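Colleague: missing the sequence, but the structure's below:
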């Protein structure tokens, strides 16, 4: 499991062009094969930078079945454009589908493509489609990236109509947060079109083509942050209105009417969410001006993230439950089967009162006599049983309940006060050493949080065997149970409790005594101690963490966990 790097990435290509911090792009084949990019998808339709002409360079003449590095077998060509081609391929070593961009080594932009791919791979953010390999061999340059067969392009989603308001809110939130993280590392996109944004089957949004497609097409910009912010605004505009916010038709969407200019989404389509409409206009800044009513424009993804955080949160719609159809009885049950023609009701004679005849009176006396006899017999048997019980009570007996002086009384459960705590660092850097006190301050809104990790849920012992906190109980105590509040649910969290001799991280976990463990997918972990020992120090050790989304407080999406309300009982 690799911890996400925070070092800036600013790689310049070797061809004399400007650094890749001002270049970015979109892969053309990370989704399903039928979602192919057409040559009619012009950069001008997006409003981004231009495209440099590569000259008359022909794409490599390859065919299905060709293997690269004796590993990647080409299956289907999904794009052939500007001297390069993109393929759906199979990684025969790992037996998985991948995407491959191919271009000749003497292509004017070959060096830029290699540099962009390697810069994107260094980011390692799971919100982006990952670059897996970037190689130059046999007069070819090729870039291998993830292939997401379960993902759907935003282009395909918008073909069916505008997105539901909560879905549009999730899309712009996740895309803006991802691009803000990329720009902090010195990478831009510059071709953030509806075909570059994918929704996975789990509902997460991912961006493909960071840096790579800009290098493939030679797209550049003097204001990369502003260009990407406008692109995010265009995506939100399209998601709300099913219209492209420029006069040109693009990506299967109709443009705005000629000569009207940029009008707000809630003026294009009825029922558009007012806050999202204004957010789209703030992102679609034009020379510093905006069509938003009162707010200032957003010119960077970071400013857009802050603007989203200031909005009231849009909650998902309540699930709609369809009422079952009314029960329909058959004609037989309704009584119409074989029913004769209705006729006038005949008067029914009133029956005589019951048991008023001579035979009925005799029957009543007989029943009464039998009841009296039964009551007498039952009373005699009851009296006999009570006498037997009284004689038994006169015999001396010995109680065996819990109040017997010879029996062991149940000890009451008592809370154990935590006196101090310190983060335990087995390998690598600390997680949030200054926040350990928030795990037992009695405030559920404060917490200690780990960093985000790329792989999971099990942590990688070679890199980071686990994360945790050692608690000082003040004196030697026998812990019988522990309760831990967790911030991130999901598959899955594994926590162990260990008795140790001090709060120092120099004591290896293997030398400690494990007293309990639990695995949960919820937000509360309760551990019952299986081995009761006395110890002043207890290590809470996390070795598996679920996947959690990014947030506005600087935590990236990844495998992570946060804990609060730690309580011990003895």
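Modeller: Everything's here; your move. Since the model is a prediction, treat every value here as computed from it, not as a measurement.
Colleague: I'd assumed residue 495 was in a strand, is it?
Modeller: Yes: Residue 495 forms part of a strand when assessed by DSSP: H, G, I helix; E, B strand; the rest coil.
Colleague: hang on, isn't it packed against residue 514?
Modeller: No: counting by CB atoms under 8 Å, residue 495 stays clear of residue 514, with 11.2 Å between them. Bear in mind the C-beta positions are built from the backbone N, C-alpha and C, glycine included.
Colleague: in the stretch 401-550 of the chain, which segments are predicted with low confidence?
Modeller: Scanning the stretch 401-550 of the chain with the threshold set as pLDDT under 70 gives 401-412.
Colleague: Let me fix that, I meant to ask about the stretch 201-350 of the chain.
Modeller: In the predicted model, the stretch 201-350 of the chain carries pLDDT under 70 at residues 286-294, 320-350.
Colleague: What segments of it are helices?
Modeller: In the stretch 201-350 of the chain, the helices defined using DSSP state H, counting those that start in this stretch lie at 212-217, 224-241, 265-268, 274-283, 301-310.
Colleague: can you tell me which residues contact residue 306?
Modeller: residue 552 (CB atoms under 8 Å, 6 or more residues apart in numbering).
Colleague: Tell me the spacing between it and residue 480.
Modeller: Here residue 306 is placed at a distance of 47 Å from residue 480 (CB to CB, to the nearest Å).
Colleague: Also residue 413?
Modeller: From residue 413 across to residue 480, the span is 7 Å (CB to CB).
Colleague: what's the overlap in contacts for these two?
Modeller: Here residue 413 and residue 480 have 569-570 as joint contacts, going by CB under 8 Å, 6+ apart.
Colleague: sorry, back to before: quick one, which of residue 495 and residue 514 is more surrounded?
Modeller: Neighbour totals were compared for residue 495 and residue 514, and residue 495 leads with 24 against 16 (other CB atoms under 10 Å).
Colleague: if we look at the sheet, which residues does the more buried one bridge to?
Modeller: residue 518, residue 542 (DSSP bridges).
Colleague: about what we covered before: so for residue 413 and residue 480, which residue has more residues nearby?
Modeller: It is residue 480, of residue 413 and residue 480, that has more neighbours when counted by other CB under 10 Å, with 18 against 9.
Colleague: Double-check that one against residue 570; I have them as touching.
Modeller: Yes: assessed by CB under 8 Å, residue 480 is found in contact with residue 570 at 5.5 Å.
Colleague: Need the overlap of contacts for the two.
Modeller: By CB under 8 Å, 6+ apart, the residues touching both residue 480 and residue 570 are residue 413.
Colleague: in the stretch 401-550 of the chain, which spans are strands?
Modeller: 415-416, 420-424, 448-449, 467-478, 481-486, 493-500, 513-520, 524-528, 534-544, 547-548 (DSSP state E, counting those that start in this stretch).
Colleague: Using a markdown table, lay out those together with distance to residue 151.
Modeller: Below are the strands of the stretch 401-550 of the chain laid out as a markdown table (distance: least, CB to CB, whole Å):
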| stretch | distance to residue 151 |
| --- | --- |
| strand 415-416 | 49 |
| strand 420-424 | 38 |
| strand 448-449 | 29 |
| strand 467-478 | 31 |
| strand 481-486 | 29 |
| strand 493-500 | 27 |
| strand 513-520 | 29 |
| strand 524-528 | 33 |
| strand 534-544 | 26 |
| strand 547-548 | 16 |
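Colleague: Out of the ones you listed, which is closest to residue 110?
Modeller: strand 547-548 (36.0 Å; CB to CB).
Colleague: Can you list the strands that that closest one pairs with?
Modeller: strand 558-559 (antiparallel).
Colleague: Am I right that residue 134 sits in a strand?
Modeller: Yes: per three-state DSSP, residue 134 lies within a strand segment.
Colleague: Check whether it really touches residue 114, as I assumed.
Modeller: Yes: counting by CB under 8 Å, residue 134 touches residue 114, with 5.4 Å between them.
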